[in-house]
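Chemist: Okay, here's the prediction I keep looking at, along with the sequence it came from:
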Amino acid sequence: MIPIDGQPILTAAKMRAAEDRAIAAGTSVQALMERAGAAVAEAVRRLAAGAPVLVLCGPGNNGGDGYVAARVLKANGVSVRVVASGETKSDAAIAARRAWDGPVESIADGKDAPIVVDALFGTGLSRPLDPALQTALGRLTRSANLSLAVDLPSGVTTDEGATPGNLPTFDITLALGALKPAHLLQPAAAQCGTVRVLDIGLGDISSLCHVIARPDLGAPPTDAHKYSRGLVVVIGGAMLGASALAAEAALRSGAGYALLFADETPPGSPHALVRKPWSRDALNEALEAKKATAIVVGPGLGRDDDAIAKLDAAIATDGPLVIDGDALHLLDGPRMKALTERKGGTVFTPHAGEFRALFGDYQGSKIEAARRAAASSGATVVFKGPDTVIATPAGDTLVAPAANSWLSTAGTGDVLAGAVGAMLAAGKAPEAAVWLHAEAARWLGGAFIADDLVRELSAVRGSL
């Protein structure tokens, strides 16, 4: 079982294409099913620890994988029962069903078992599960000590991560060959539990979409100084606390220098945080001769004429620029056009409401929505949420695993914006900041506030 960090993510169509390439290279559908079923059986055998196993088999190839897994488990001395939702339909699944030499019960009459394996439906399901099947699936999985889904929990949509109907939550999902969007996108990701990938011999898998991995940041080099580590300029506005959080987050994420443009010193801010009164001339002066520099604008900025003037000043600069919060609501057509003409890269960090305000409502996959937004704006889009998606204008996409739900509190987005600024100033990618942010939340556990989160960044950054 392979952990998901850094792993490629394939849509249902791309997964079928990968399987088709394997078949064209000489591997039969039946052989792929044997590999998948054997891999599932080995994972279940280890996790079951001798307990009886119930395998739920559907009519398609996912069900075929289940029949193979049941056969292999039985051959290895595991007590196995099989229940089915109907007759097998594909040739490979029919062959797998025939090779299973035990009884097959109806799922409606299936009895509970300590270990339940859902192999009813995998990728590509386009309709909700039948209500009676939902009821039976829920009853059997909820009564088990351990529930596992083969490839995907039955009923979730592969590419969008939707969960139509009343679907149970699994303890473990065994992704076959590669991850699918539903393993990362909410609400389906919550149904999956812990996700692990099983190698079924598809070879190297190419994808523009991957899971975020632990960043390789390390300590500053021995000859580092404050400017080589990066200067982050945060442009404050109406809500001083938000911009102060962003500036402190930049420092604690590794920036060597953070400058906050604000009319007063934020109460309780670190002494290491430099503050200056705002003016456009002061901004330009700060940027002169500082090669490693990024600007963060938006946290607590406001939406009045003063805020617009500050945003315009930031857009007119040449270096990396992070646009967050209020500033995202100020990006009209001319400003979006000006952003495409900037020499420095631009990163947007919207939550769902800000994303819709800027790019309009969307249907379907959050991954595809972020990609379209990045392509149309020319900016890297960090589409925040419990399933943060990072998309570049070139189409490269990263998805973060489920985040700590305690991040749903005021100010945590400001912290992320500052961390992104620190990464850009140091020549790093924004996904490193997303990882740091999520890891700090994991370390804190629960019931924390943004002030706790920003301080925890120091410990996480220092651990790398």
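Modeler: Received the coordinates, thanks.
Chemist: so what are the domain limits for this structure?
Modeler: Residue ranges for the domains of the chain, per automatic domain parsing: 12-211, 231-463.
Chemist: chain center to the first one: distance?
Modeler: Read that as domain 12-211. Averaging C-alpha positions (CA atoms, centre = their mean, to the nearest Å) puts domain 12-211 22 Å from its chain's average.
Chemist: cool, and stretch 231-248?
Modeler: 27 Å.
Chemist: Stretch 285-303 now?
Modeler: Its chain's average C-alpha position is 28 Å from that of stretch 285-303, according to CA atoms, centre = their mean.
Chemist: returning to what we had before: export the domains of the chain as TSV, with columns for mean pLDDT, distance to residue 217 and mean neighbour count.
Modeler: (Glycine included, C-beta is placed from N, CA and C.) Listed next are the domains of the chain as TSV, based on pLDDT from 0 to 100; distance: least, CB to CB, whole Å; neighbours: other CB atoms under 10 Å:
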stretch	mean pLDDT	distance to residue 217	mean neighbour count
domain 12-211	95	18	20
domain 231-463	95	6	21
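Chemist: closest to residue 4 out of those domains?
Modeler: Minimum separation from residue 4 across the domains of the chain (CB to CB) falls at domain 12-211, 5.1 Å.
Chemist: Distance across that closest one, terminal residue to terminal residue?
Modeler: Across domain 12-211, the terminal residues are separated by 17 Å (CA to CA, to the nearest Å).
Chemist: ditto for stretch 326-336
Modeler: End to end - CA to CA - stretch 326-336 spans 15 Å.
Chemist: which residues touch that stretch?
Modeler: With contact meaning CB atoms under 8 Å, 6 or more residues apart in numbering, stretch 326-336 is reached by 237-238, 297-303, 307-308, 311-312, 314-315, 323, 339, 348, 350, 354, 357-358, 377.
Chemist: and if you look at stretch 129-147?
Modeler: Contact with stretch 129-147 is made by 47-48, 51, 54, 56, 83, 85, 107-108, 110, 112-118, 120-121, 128, 154-155, 164-172, 193, as judged by CB under 8 Å, 6+ apart.
Chemist: Filter those down to just the ones in helices.
Modeler: Those of these mapping onto helices are 47-48, per DSSP state H.
Chemist: Mark which of the contacts of stretch 129-147 are part of strands, please.
Modeler: The members of the contacts of stretch 129-147 that map onto strands under DSSP state E are 54, 56, 83, 115-118, 172.
Chemist: Using TSV, please lay out those together with distance to residue 283.
Modeler: Formatted as TSV, these follow (distance: CB to CB, whole Å):
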residue	distance to residue 283
54	65
56	62
83	67
115	62
116	60
117	60
118	57
172	51
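Chemist: Identify the farthest-apart pair in those.
Modeler: Maximum distance among the ones in strands among the contacts of stretch 129-147 (CB to CB): 19.4 Å, for 83 and 172.
Chemist: Could I get the full set of strands for the stretch 251-400 of the chain?
Modeler: 257-261, 274-276, 293-297, 321-323, 346-348, 380-383, 389-391, 397-399 (DSSP state E, counting those that start in this stretch).
Chemist: Of the ones you listed, which is nearest residue 183?
Modeler: Using CB to CB, those put strand 397-399 closest to residue 183, at 9.0 Å.
Chemist: contact partners of the closest one?
Modeler: 9, 181, 184-185, 208-212, 367, 370-371, 387-391, 431, 434.
Chemist: one more time with 10 Å, if that's ok
Modeler: Strand 397-399 has contacts (CB atoms under 10 Å, 6 or more residues apart in numbering) with 4, 6, 9, 179, 181, 183-185, 189, 207-213, 366-368, 370-371, 374, 381-383, 387-392, 429-431, 434-435.
Chemist: Tell me which helix or strand comes right after that strand.
Modeler: Using DSSP states H and E, the helix or strand that follows strand 397-399 towards the C-terminus is helix 412-425.
Chemist: Could you check the angle that following helix makes with strand 257-261?
Modeler: In terms of direction (axes from the mean of the first three to the mean of the last three CA atoms, to 10 degrees), helix 412-425 departs from strand 257-261 by 130 degrees.
Chemist: Tell me the spacing between the nearest residue to residue 110 once chain neighbours are set aside and residue 168.
Modeler: Spatial nearest neighbour of residue 110, excluding adjacent residues (CB to CB, 6 or more residues apart in numbering): residue 83 at 3.8 Å. For residue 83, the distance to residue 168 equals 15 Å [CB to CB, to the nearest Å].
Chemist: And residue 114, by the same measure?
Modeler: Residue 114 is 16 Å from residue 168, by CB to CB.
Chemist: Likewise for residue 183?
Modeler: As judged by CB to CB, residue 183 and residue 168 stand 16 Å apart.
Chemist: cool, residue 1 as well?
Modeler: Computed with CB to CB, the distance linking residue 1 and residue 168 is 21 Å.
Chemist: what do you get for residue 314?
Modeler: Distance from residue 314 to residue 168, by CB to CB: 48 Å.
Chemist: try residue 194
Modeler: Per CB to CB, residue 194 is found 15 Å from residue 168.
Chemist: ok, now residue 431?
Modeler: Distance from residue 431 to residue 168, by CB to CB: 32 Å.
Chemist: Residue 37 now?
Modeler: Distance of residue 37 to residue 168, given as CB to CB: 22 Å.
Chemist: cool, residue 129 as well?
Modeler: For residue 129, the distance to residue 168 - CB to CB - is 11 Å.
Chemist: Overlap in contacts, those two.
Modeler: Here residue 129 and residue 168 share the contacting residues 137-138, 154-155, scored by CB under 10 Å, 6+ apart.
Chemist: Same list, those residues, but as TSV with distance to residue 203 please.
Modeler: Converted to TSV, the shared contacts of residue 129 and residue 168 look like this (distance: CB to CB, whole Å):
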residue	distance to residue 203
137	33
138	37
154	27
155	30
